[in-house]
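Peer 1: fold the following and give me the result.
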Amino acid sequence: MPLHVLLPLVVLGIAGITALLHLLGHSRQVVIRDADDAARMWRHHWPEDDVQSAQVAQDGHAALVQTAQGVGLVWALGADTSARLLTGATLAPCGAGLRVRLRDFTAPTVTLHLRPDEARAWQTRIEGHAP
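Peer 2: Below is the predicted model of the structure:
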């Protein structure tokens, strides 16, 4: 097939698939509804970990999880979630809420969109459990 025919077919095909996925709702950011939901999402990433408690952010896009290993964070990453222990993490308030710098090159920084009072409470809770 000539390149001048193949290239538009590929570009339009990818654009069509992207549009279809978006229209069907598969591009929506995941929402963490409650503590049980947060615990389930944590166990998806850390299946053998014991979740003792979870606190979901007001916007539903992040949750603090207390485990036997320490405090962890579950956050929305598009239509999926990511989860990391906060061991060695550094925290800094920012305009959006709270910036978490992890000691993990695969997820070096996470910006959590929290209300000011919620950001202070989360920072206190995380730093209170730091080793």
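Peer 1: distance of residue 59 relative to residue 76?
Peer 2: Remark: distance between residue 59 and residue 76 (C-beta to C-beta, to the nearest Å) = 9 Å. Using the backbone N, CA and C atoms, a C-beta is placed for each residue, glycine as well.
Peer 1: out of the two, which sits in the busier spot?
Peer 2: Looking at residue 59 and residue 76 with other C-beta atoms under 10 Å, you find the greater number of neighbours at residue 76, namely 21 against 16.
Peer 1: which element is that one on?
Peer 2: strand 70-77 (DSSP states H and E).
Peer 1: give me the mean pLDDT for that strand.
Peer 2: For strand 70-77, mean pLDDT is 92.
Peer 1: which neighbouring elements make contact with that strand?
Peer 2: helix 35-45, strand 62-67, strand 80-85, strand 109-113 (3 or more C-beta pairs under 8 Å, 6 or more residues apart in numbering; DSSP states H and E).
Peer 1: run the chain-centre distance for the third one.
Peer 2: This points to strand 80-85. 5 Å (C-alpha atoms, centre = their mean, to the nearest Å).
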